[in-house]
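*Asks:* need a 3D model of the sequence below.
(chains A and B)
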Amino acid sequence: MRFSDILLETNAALSANKVRSGLTILGIVIGIASVIAMVSIGQGAQANIQSSIQSLGSNLVEIMPGAQRGQGFQAFGGRGTAKTLTDADAQAILSQVSNITAMTEEVTGRYQITAKGTNTNTTVDGVTAAYPEVRNLEIDQGTFISDEQNQSLAKVAVLGPTTMQDLFGTDADPSAVIGQSIRVKNLTFKVIGVTKSKGGSGFANQDDEIYIPVLSAQRFLSGDQYLTSIDLEAASTDAMAQVQNDATSLLLARHNIADPTLADFSVLNQNDLISTVSAVTNTLTLLLASIAGISLIVGGIGIMNMMLTTVTERTREIGLRKAIGAKKSDITAQFLTEAIVLTLLGGVIGVALGSLISLVVKWSGILQTSISLMAVLLAFGVSAAIGILFGWYPARRAAGMNPIEALRYE
Amino acid sequence: MIEISDITKTYGSGETAFQALSGVSFAVKDGEFLAIMGPSGSGKSTLMHILGCLDTPTSGTYRLDHKDVSLLSDEELAEIRKEKVGFVFQAFNLLPRTTVLRNVMLPLVYADVPKDARQRKAERALHAAGLSETHFTHRSNELSGGQIQRVAIARALVNDPTLILADEPTGNLDTKTGEIVLGTFQKLNREEGRTIILITHEYEVAQHAKRIITIRDGRIVSDSSAHEQRLTDAS
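*Replies:* Sure, this is the predicted structure:
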């Protein structure tokens, strides 16, 4: 039997029962569509989180005081309270570790800020002139802190856009804010710049911060010589691990610590953070996809159910075909093709529907979803496999029929 | 050319065994029109299945065109059916919602006949079966019983088989339509020299054939050709 003849038979059989074929396909359509939509939403979420992490700085290696426990997050517990890092540490790293393009020191703390009768409580970040480069920060209006201002302990401040709105009103013009005064711990700081919004949120919101010179922060706010973090920009992504390792061994030596597990600081590599978060989102995507996969299996059982019904209904037709010379392989091919065409049709519609869902999510601005070719190919592969898997048994049952009994079937 | 000798067929085994055929032998020459007649339960359906290569005998030999087909496998039997046997059934067994032409072309699909030759062969068979050309593109469910059975006859003819096997072809038809269908068989036998075996339980139907074998309880009880032979010998 020729393949074109099999397709002709399949077309005739499926179009004879349009409603039933359609409903059977629906199971596969929903399964495939949800797999595609879930995977694309999961990947969108992953890309979203990765870009937020990237916005913290490119090729960023961050050294924080306090012991490292677990995978990084625990270190935040010691941040700001443990006092082990100094300017001498930072300078030593900058001069002795290779492949560092920029370094900034940070002294952070939360303070009550007042300005002309308004007040807010936010993070005051003592930084150096290299901070915008290391942390991918851009200035909207005015200038950032210079080395001279740092050395001279100038009382100047650069505001994040959210902080600016909190202090000067939501409709405040950034250019009009330059030259205004704010008060931190009863000291007056002059606003010299406003940063561009980075769109962050939550604990890593760089829009709700005030930047001042690091030496001013040590002198006037924290009152000691310690740093709350040292941020390094590695020359390339490949150099990050080397920078991390070299900085770690240098600091261990400087702090006279022999056992790395007892380190009084922790070194966070941005790549580690990304891979940790990616692992989490991957797991979530896998979870969503496997739930969707279950509906695919249910759809496949629907196909098998319909094919079994079809085979029973068409028993006499099968008997006739065998009587006029159809071989087992002919009958198997015919019914298997029917099942595969059904599932592939469901696959095509499902991919279209899933992509549509993913696009709607994208257009509505919830997430930048991305439809991966992998997911589409996988969906097609899976739907064809389901056709073969769930079509095989009914097809073999049809092929195995005894023509005499099949012809007598009422 | 059909030769069967000492065919038996037993269903089941042991105490419940049932012998449907117990030693049947006869020969059919090319161009014969034979009716196999017998009441239900006589074994004529079993004989028909064996003649049509749908089933194999328990013992005995069946030679179709000098080839022993009594010991072939299912797949080999399918091959023989495809080439040498055309079936006409009581229940017609046309594909529903399918055109007359496609129904007739179905055996050619399995015989792997090239597409351009199929329609030509199908139309020729339909003409031979006496169906008028206006019905060729009709769907099978739009035809009358007599027309449907002639489509089925055309389907049996289309592959140029050695043998046309008709199982109660008039069973679902009224007498008048039945006459027309039987007339079609007679014409095919007379004008095209087709070998036809007609299975029936009705004497009136069997009479349309040139030779009648009567079967009862799995044995041949009379064969008109043998009878004629005896008459010739006696005279």
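*Asks:* use CA for all of it now, contacts and neighbours both
*Replies:* Noted.
*Asks:* and residue A:196, how far from chain B?
*Replies:* Look at residue A:196 and chain B: by CA to the nearest CA, to the nearest Å, they are 71 Å apart.
*Asks:* pretty sure that residue contacts residue A:161?
*Replies:* Yes: Residue A:196 is in contact with residue A:161 according to CA atoms under 8 Å; the separation is 6.6 Å.
*Asks:* tell me how far the residue of the stretch 151-300 of chain A found nearest chain B lies from residue A:10.
*Replies:* Residue of the stretch 151-300 of chain A nearest chain B, by CA to the nearest CA: residue A:300 (27.7 Å). Distance, residue A:300 to residue A:10, by CA to CA, to the nearest Å: 18 Å.
*Asks:* that older thread, more crowded one of residue A:196 and residue A:161?
*Replies:* For residue A:196 and residue A:161, the more surrounded residue by other CA atoms under 10 Å in any protein chain shown is residue A:161, and the numbers stand at 24 against 18.
*Asks:* and the more buried one, what does it touch?
*Replies:* Contact analysis of residue A:161 by CA atoms under 8 Å, 6 or more residues apart in numbering or on different chains lists A:194-197, A:207-208.
*Asks:* quick check: buried residues in the lengthiest helix in chain B?
*Replies:* If you go by DSSP state H, chain B has its longest helix at helix B:175-192. By neighbour count on 16 or more other CA atoms under 10 Å in any protein chain shown, the buried set for helix B:175-192 is B:177-182, B:184-189.
*Asks:* what sits against the closest residue to residue B:62 other than its chain neighbours?
*Replies:* Spatial nearest neighbour of residue B:62, chain neighbours left out: residue B:4 (4.4 Å); criterion: CA to CA, 6 or more residues apart in numbering or on different chains. Counting by CA under 8 Å, 6+ apart, residue B:4 touches B:24-27, B:60-63.
*Asks:* so which strand or helix has residue B:4?
*Replies:* Using DSSP states H and E, residue B:4 sits within strand B:2-11.
*Asks:* so what strands line up beside that strand?
*Replies:* Strands that pair with strand B:2-11, judged by DSSP bridges, come out as strand B:18-28 (antiparallel), strand B:59-64 (antiparallel).
*Asks:* which residues in the stretch 101-250 of chain A form helices?
*Replies:* A:131-134, A:147-151, A:161-168, A:174-177, A:214-216, A:240-254 (DSSP state H, counting those that start in this stretch).
*Asks:* just the CA trace of the second one, in CSV.
*Replies:* The one in question is helix A:147-151. This file holds the C-alpha atoms of helix A:147-151, laid out as CSV (Å, rounded to 0.1, in the frame of the first residue of the first chain):
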residue,chain,number,x,y,z
ASP,A,147,37.6,61.2,43.9
GLU,A,148,38.4,64.7,45.1
GLN,A,149,35.0,64.9,46.9
ASN,A,150,35.8,61.6,48.5
GLN,A,151,39.3,62.6,49.6
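*Asks:* which element is residue A:320 on?
*Replies:* Per DSSP H and E: helix A:315-323 holds residue A:320.
*Asks:* is it true that residue A:133 touches residue A:104?
*Replies:* No: look at residue A:133 against residue A:104 with CA under 8 Å: they stay out of range, at 9.0 Å.
*Asks:* who's more crowded, those two?
*Replies:* More neighbours surround residue A:104 than the other of residue A:133 and residue A:104, with 24 against 16 (other CA under 10 Å).
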